[in-house]
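In: Turn this into a model:
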Amino acid sequence: MFDEMGASRTRRTVTATARLMRALHLDGMLLAGLAAVSCFGLFVLYSAAGDNTALWFNQLARFGIGIAVMIALAQVPDHFLRMAAPAAYVLGLVLLALVAAVGDVGKGAQRWLDLGIVRFQPSEIMKLAVPMMCAWYLHQRPLPPSARDVIAVAFLIVVPVLLIAGQPDLGTALLVAAAGFLVLVLGGLSPAYLVGAVAIVGAAVPLVWHLLHDYQRQRVLTLLDPQSDALGAGYHIIQSQIAIGSGGIFGKGWTNGSQAQLEFLPERSTDFIFAVVGEELGLLGLLALLAGYLFIVGRGLLMANQCRDAFTRLTSGSIALTFFVYVFVNAGMVTGLLPVVGVPLPLVSYGGTSLVTLLAGFGILMSLYSSRKLLGP
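Out: Numbers count the residues shown, from 1 in each chain. As a prediction, this is how the structure comes out:
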């Protein structure tokens, strides 16, 4: 009898939770994936932060802000998001222009606007505004896009990318470019255009090489031979590879990583926290984290596929795939497969604006998914 009563209470609790999730337009599976990876990230960050416990509590507070923003955006109707896309894009361009004119300078880069109450990077807005604007432009046009539409969308992408790259912030510029380009790919971009884009990029490499800053060129050269400057430009990659390799299959144990805890590993709580996972939790820890990421991306793509129109499908798909690009680029640069471009590991690296932007993107995805037309009961 008591077992039946307990089972009944459990069913009522589950039903009430499901109703609340539907009322808030939240997807339980996606939310569970985000929560799992976020908790994993806080677990690792506590170790990476060392004695700086204030950093961990700051990250916890930022998660709270990000979750609040995600839930709020999930309530916004899809038609309002579609109408707001051009305004968000223009606002982002204006803020980027303000950064170029009066932005704060830090570590040799001019990327921030200081409003007194808050200091933030406007370039983060464009990670969402650019794909939404590209999807807005394409949603009432025939797909796959024509040559004229491809050129128009390319222009919408290139303008903010150049402004961000000039700060300089090559990592964010690449992510914004990827977010916009993925909209074109999801829209059915012809393989011929892809081949042409690769050819143009290849032809532009010599010009781009001369436009890069000295430290950016050095990062590319370091990727080819880290040992050429083991105590300088190659130090980050070498220490990261040592940390990951020394972790083996099972790792050295939480808070027991020598490279991280003895501060041989630079930026261990931000860009290179992936190496901390490898050292302390080993290959199994890295695989568990990557499995969590793949679950989030897979669920996001499934939700995008069920959205009801071109705008919602293109925007949702771009948000999910851009999340994958985050993971791919960070893991690639930490393991020495890609140049170091300053891309954080999503939901794990310490950071404010980027974390809130990520969760805001998933809030938009949930909003667009909740507006789908369901077939059947």
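
In: Report the contact partners of the nearest residue to residue 238 once chain neighbours are set aside.
Out: Nearest residue to residue 238, sequence neighbours excluded (CB to CB, 6 or more residues apart in numbering): residue 226, at 5.2 Å. Yep, even glycine has a C-beta here, placed from its N, CA and C like the rest. By CB atoms under 8 Å, 6 or more residues apart in numbering, residue 226 lies in contact with 234, 237-238, 241, 336.

In: Kindly recompute the last result at 6 Å.
Out: 234, 237-238 (CB atoms under 6 Å, 6 or more residues apart in numbering).

In: starting at the chain centroid, how far to the longest strand seen in the chain?
Out: Across the chain, the longest stretch assigned as strand under DSSP state E is strand 109-114. Averaging C-alpha positions (CA atoms, centre = their mean, to the nearest Å) puts strand 109-114 20 Å from its chain's average.

In: Show me the strands paired with the helix or strand just after that strand, marking each as parallel or antiparallel.
Out: Toward the C-terminus, strand 109-114 is succeeded by strand 119-120 as the next helix or strand (DSSP states H and E). Take DSSP bridges as the rule and strand 119-120 pairs in its sheet with strand 109-114 (antiparallel).

In: Give me the buried stretch members for the strand it pairs with, please.
Out: 110-113 (16 or more other CB atoms under 10 Å).

In: One more: stretch 87-96?
Out: 88-89, 92-93, 95-96.

In: List of residues touching it?
Out: Counting by CB under 6 Å, 6+ apart, 122, 125-126, 129, 133, 163 sit against stretch 87-96.

In: So which of those belong to helices?
Out: 125-126, 129, 133, 163 (DSSP state H).

In: all helices for the stretch 51-200 of the chain, in order.
Out: 53-74, 78-102, 123-138, 147-165, 170-186, 191-211 (DSSP state H, counting those that start in this stretch).

In: Just say which of those helices is most tucked in.
Out: helix 123-138 (a mean of 27; mean count of other CB atoms under 10 Å).

In: orientation of that one relative to helix 53-74 in degrees?
Out: 20 degrees (axes from the mean of the first three to the mean of the last three CA atoms, to 10 degrees).

In: any idea which of the contacts of stretch 87-96 is closest to residue 307?
Out: residue 133 (17.4 Å; CB to CB).

In: so how far is residue 135 from the nearest residue to that closest one once chain neighbours are set aside?
Out: Nearest residue to residue 133, sequence neighbours excluded (CB to CB, 6+ apart): residue 89, at 3.9 Å. Applying CB to CB, to the nearest Å, the value for residue 89 to residue 135 is 11 Å.

In: hmm, back to that, could I get the buried residues of stretch 87-96 as CSV with distance to residue 327?
Out: Formatted as CSV, the buried residues of stretch 87-96 follow (distance: CB to CB, whole Å):
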residue, distance to residue 327
88, 25
89, 26
92, 24
93, 28
95, 27
96, 25
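
In: need these in TSV with pLDDT and distance to residue 25, can you?
Out: Converted to TSV, these look like this (pLDDT from 0 to 100; distance: CB to CB, whole Å):
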residue	pLDDT	distance to residue 25
88	95	20
89	97	24
92	94	25
93	95	29
95	93	28
96	93	31
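
In: What is the nearest of these to residue 285?
Out: For the buried residues of stretch 87-96, the nearest to residue 285 is residue 92 (36.5 Å; CB to CB).

In: Distance check, that closest one against residue 335.
Out: From residue 92 across to residue 335, the span is 32 Å (CB to CB).

In: before we move on, what about residue 318?
Out: Residue 318 is 26 Å from residue 335, by CB to CB.
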